[in-house]
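Participant: return atomic coordinates for the entry below.
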Amino acid sequence: MNVTYPTLESEIAKRGIKKTTMAKRIGISPRSFYNKLSGSVSFSWDEAIAITKMFFPDIDPTHLFYRTDKVQDKVQHDEVYREDHPK
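Facilitator: Next up is the predicted model:
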């Protein structure tokens, strides 16, 4: 099984945090949280910051929410393209 957010998943498990608790604390339904965690829907930056501040203040959010799927590849590609092709 592929994991979209390996650091986030690992830290949730390591710290014994319930995903339903995380969902409630950031104001979304557990189903929405699972959809985001699976990668079918992206976390907003506000959600990522809220999760980081509430549960993982010792981890940089860009590391915590690093994606291992093609969306992350596209984001990295777009960032490199913008650097190589300034406006």
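
Participant: and the helices in this structure?
Facilitator: Counting by DSSP state H, the chain has helices at residues 6-15, 19-26, 30-38, 45-55, 61-64, 70-84.

Participant: most centrally placed residue in the protein?
Facilitator: Phe65 (3.3 Å; C-alpha atoms, centre = their mean).

Participant: how close does the closest residue to that one other than its chain neighbours get to Asn35?
Facilitator: Counting by C-beta to C-beta, 6 or more residues apart in numbering, Phe65 lies nearest to Ala48, which is 4.8 Å off, once chain neighbours are set aside. Bear in mind the C-beta positions are built from the backbone N, C-alpha and C, glycine included. The gap separating Ala48 from Asn35 is 15 Å, by C-beta to C-beta, to the nearest Å.

Participant: so what's Pro61 closest to, chain neighbours aside?
Facilitator: Thr52 (4.3 Å).

Participant: I figured that neighbour hits Ile59, correct?
Facilitator: Yes - between Thr52 and Ile59 there is a contact under C-beta atoms under 8 Å: 6.7 Å.

Participant: since that was my last question, I'll sign off now.
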